[in-house]
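In: Output the structure for:
(chains A and B)
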Amino acid sequence: MHVSNEKTGLYGLMAEFDTAQGIVDASTKAVGAGYTKLEAYTPFPIEELNDIIHKRRTHLPKVVLFMAFCGMGTGFALQYWASTIAYPFNVGGRPLATWPAFVVPSYELTILFSALTAAIGMLALNGFPQPYHPVFNVERFTTASTDKFFLVIEAEDGRFTKEQTGAFLQGLGAKGVYDVAH
Amino acid sequence: MATETYNPPDSLSGLQSKGMMAAIGGAVLAGIGFAMAGADRFFEAYLIAWVAWTGVAVGSLALLMLQHLSGGAWGLVIRRILEAATRTIPVMAILGLPIFAGMSHLYHWSTAEGAEDAMVAAKAAYLNTPFFIARYVLFFAAWSFMSWRLSGWSAEQDRTGDPALAVKMSNLSGLGMVVFFLTVTFAVTDWTLSVNPHWFSTMWGLLYVVGWGLSALAFSIYILARLSKERPMDHVLNASHFHDLGKLLFAFIMLWAYLSFSQFIIIYSANTQEEIPHYWIRSKGGWQYVGWALVIFHFVLPYVLLLARDIKRDWRRVSLIAAWVVGIRVVDYYWHVSPEFHLDGLAVTLVDVALPIALGGVFVMLFAMQLKGRPLLPLHDEGLAKALTHHTH
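Out: Down below sits the predicted model:
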């Protein structure tokens, strides 16, 4: 272990576990001990971790709903403008603002806006694009995409001190605890 | 878990008595309504109520066949509910008999005067009373047969665990799905479309395929939520099951809205003399409010509520929405049938409310009797263990 300034040199501490149950238990205890800035890295999705670590719900659904209404309004306004102001045209004696005919394109734009917002917003809220992340500085971390489970407690956490947090992670039954350099 | 028998709870007897009370209360009210409004209004309301509850039974048959074909935890947990509902189909055939007593009023084409109409005369080879009756028998024979086989094999599977039975059920369901689409299309063309023999819509059959499926799904979710309160199902069901069923309910509501609106927009756009009267008579005299009520309460309200993940995962709230949908379905059938008889305007009478309650009561009573006779889960289905540990992301 190399010595470095906790506040500037270290991103956090990484603990390695062999099993999914191991990381679920460790996460539960870490959250129970009051740590808030932590993240788990697993080779496959483990649903319980969501409930343990990420208690705060994402704002994405609200953003999607807002953009859905924007899409609906855009679709309707576009047709209204085209058929009553820009290019008024008598179709079978119907009123210029024939709203039933506007429903389908308005609906399509609702879906288009919300689907794009959901996809792009999900990536943006996840912090993508992100060409660099400190966890890859740990050599063992390559196994996170095959068969090992990692829990990282970040140095930004108010309760983080290198010695105590390191001892805490060891106490959780980690196979190894590594420094994560910035 | 191998010894678990999933015996139905005693509370199903309570549901059965509630159904009976609704049937008696509804029948008394219908009798008063009959005295007040006369036979014609009675028959109109009877047709609407009977189509609504027959729809739950026959729609259950479709969902039953669908889940035999698709598999999945959602289908497994409601399979016994669907089977019990389909076993009421033969009784629904008998409950439909008053419609024949009211034929001269409900189906103007069946009267001597109506048959003189040039367009009706041109359709007489198909649209005549003996053939109408023969088709009625044929539809119910087909549905009853499929229900009898699927229920019978399922009971046999409980006893023997023979894996060949699952293959049999899925094979019958594949063919049965085709039969279902065809029979429902022809049946509702007879029962609700021909109240106005001049008008036609190729969307009509699909509207009922989806509408009946929606009724059946909503009814099943409501019953499943009731069962989830106590043993044995409280140990079996979790939020994920209701989440799945809620998503399916959401999809069915969207499909219903899509088909209903498609029929409207196509006819509205074409604006031809033979098609537009259907919507013209429904756009005035108070009928327009029924139409708007359907848009808001049959589509927007359940749609918006079911968007929320938390609501779908909460069986109490899902079951409230499901019960709401079962009720609002009746208004859709009312919108299909009643304006044809009341061109001068909307006029709701006591029978319109009493008969859906009465026939609903009879249906629920029969359903509860059937449901309590068998285990609440298919004991030897190979997907059972997986369905019980069901977890969705």
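
In: Sketch out the low-pLDDT regions of chain B for me.
Out: Chain B contains residues with pLDDT under 70 at B:1-3, B:391-393.

In: Quick check: which ranges of chain A have low pLDDT?
Out: Judged against pLDDT under 70, the low-scoring parts of chain A cover residues A:1-8.

In: For it, which residues are neighbours of chain B?
Out: With C-beta under 8 Å from any C-beta of the partner chain as the criterion, chain A comes near chain B at residues A:45, A:47, A:61, A:92, A:94, A:100-101, A:103-104. Where you see a C-beta, it was placed from the backbone N, CA and C, and this is true even at glycine.

In: Could you dump these into JSON lines with secondary structure added?
Out: Putting the residues of chain A next to chain B into JSON lines (DSSP: H, G, I helix; E, B strand; the rest coil) gives the following:
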{"residue": "A:Pro45", "secondary structure": "coil"}
{"residue": "A:Glu47", "secondary structure": "helix"}
{"residue": "A:Pro61", "secondary structure": "helix"}
{"residue": "A:Gly92", "secondary structure": "coil"}
{"residue": "A:Arg94", "secondary structure": "coil"}
{"residue": "A:Pro100", "secondary structure": "helix"}
{"residue": "A:Ala101", "secondary structure": "helix"}
{"residue": "A:Val103", "secondary structure": "helix"}
{"residue": "A:Val104", "secondary structure": "helix"}
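
In: Which ChimeraX command selects the buried ones in these?
Out: For the buried members of these, the matching ChimeraX selection, counting by 16 or more other C-beta atoms under 10 Å in any protein chain shown, is:
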select /A:103
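
In: B:Phe186 contacts B:Tyr136, doesn't it?
Out: No - counting by C-beta atoms under 8 Å, B:Phe186 stays clear of B:Tyr136, with 10.3 Å between them.

In: thinking again about what came up before, can you tell me which of the residues of chain A next to chain B is nearest B:Val236?
Out: For B:Val236, the nearest member of these is A:Glu47. The distance, counting by C-beta to C-beta, is 19.4 Å.

In: any idea how far A:Ala40 is from that closest one?
Out: 12 Å (C-beta to C-beta, to the nearest Å).

In: Distance check, the closest residue in space to B:Leu366 that isn't next to it in sequence against chain A.
Out: Excluding its sequence neighbours, the residue lying closest to B:Leu366 (C-beta to C-beta, 6 or more residues apart in numbering or on different chains) is B:Thr88, at 4.5 Å. Computed as C-beta to the nearest C-beta, to the nearest Å, the B:Thr88 to chain A distance reads 38 Å.

In: ok, now B:Gln157?
Out: Relative to chain A, B:Gln157 is positioned 32 Å away (criterion: C-beta to the nearest C-beta).

In: and that residue, helix, strand or coil?
Out: Local secondary structure at B:Gln157 is given as helix here, using three-state DSSP.

In: In which helix or strand does the residue in the stretch 101-250 of chain B positioned nearest to chain A reside?
Out: Nearest residue of the stretch 101-250 of chain B to chain A: B:Ser240, at 10.0 Å (C-beta to the nearest C-beta). Following DSSP states H and E, the helix or strand that holds B:Ser240 is helix B:239-270.

In: can you tell me the residue of the stretch 1-150 of chain B closest to chain A?
Out: Each residue of the stretch 1-150 of chain B has a distance to chain A, by C-beta to the nearest C-beta, and the smallest belongs to B:Ala73, at 15.4 Å.

In: Backbone dihedrals for that residue, please?
Out: phi -60, psi -40 (degrees, to the nearest 10).

In: Okay, strands next: where are they in the chain?
Out: Since no chain was named, I'll use chain A. A:10-17, A:38-41, A:149-154, A:176-181 (DSSP state E).

In: nope, chain B
Out: Taking DSSP E, chain B contains no strands at all.

In: For B:Phe341, list the residues it contacts.
Out: B:40, B:44, B:195 (C-beta atoms under 8 Å, 6 or more residues apart in numbering or on different chains).

In: Distance to A:Pro129 and neighbour count for those residues - can I get that in CSV?
Out: Putting the contacts of B:Phe341 into CSV (distance: C-beta to C-beta, whole Å; neighbours: other C-beta atoms under 10 Å in any protein chain shown) gives the following:
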residue, distance to A:Pro129, neighbour count
B:Asp40, 70, 13
B:Glu44, 64, 25
B:Val195, 61, 21
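
In: For the stretch 201-350 of chain B, what lies in contact range of chain A?
Out: B:261, B:264-265, B:268-269, B:271, B:309.

In: Now, of these, which are buried?
Out: Among those, those classed as buried by 16+ other C-beta under 10 Å are B:261, B:264, B:268.

In: Once you drop chain neighbours, what's closest to the first one?
Out: So that's B:Phe261. Beyond its immediate neighbours in the sequence, the residue positioned closest to B:Phe261 (C-beta to C-beta, 6+ apart) is A:Val103, lying 6.9 Å away.

In: doesn't B:Tyr268 make contact with that neighbour?
Out: No - contact criterion C-beta under 8 Å: A:Val103 and B:Tyr268 do not qualify, at 10.3 Å.

In: all helices for the stretch 51-200 of chain B, in order.
Out: Assigned by DSSP state H, counting those that start in this stretch, the helices in the stretch 51-200 of chain B fall at B:73-86, B:89-95, B:98-101, B:103-106, B:112-115, B:118-122, B:129-160, B:164-191.

In: Dump those to JSON lines, plus mean neighbour count.
Out: Rendered in JSON lines, the data for the helices of the stretch 51-200 of chain B read as follows (neighbours: other C-beta atoms under 10 Å in any protein chain shown):
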{"stretch": "helix B:73-86", "mean neighbour count": "26"}
{"stretch": "helix B:89-95", "mean neighbour count": "18"}
{"stretch": "helix B:98-101", "mean neighbour count": "15"}
{"stretch": "helix B:103-106", "mean neighbour count": "18"}
{"stretch": "helix B:112-115", "mean neighbour count": "12"}
{"stretch": "helix B:118-122", "mean neighbour count": "12"}
{"stretch": "helix B:129-160", "mean neighbour count": "17"}
{"stretch": "helix B:164-191", "mean neighbour count": "18"}
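
In: What's the separation between the residue sitting nearest the centre point of chain A and chain B?
Out: Averaging the C-alpha coordinates of chain A gives a centre point, and the residue nearest to it by C-alpha atoms, centre = their mean is A:Asn126 (3.5 Å). Distance, A:Asn126 to chain B, by C-beta to the nearest C-beta: 16 Å.

In: Next up, the contacts around that residue.
Out: Counted by C-beta under 8 Å, 6+ apart, A:Asn126 has zero contacts.

In: what about it, distance to A:Ile153?
Out: Summarising the geometry, the distance separating A:Asn126 from A:Ile153, computed by C-beta to C-beta, is 20 Å.

In: Tell me where chain A has helices.
Out: Ranges of helices within chain A are A:20-32, A:47-53, A:60-80, A:99-125, A:162-171, based on DSSP state H.

In: and what of the stretch 251-393 of chain B?
Out: Under the criterion DSSP H, counting those that start in this stretch, helices of the stretch 251-393 of chain B are mapped to B:277-281, B:287-293, B:301-307, B:309-312, B:315-337, B:350-371, B:384-388.
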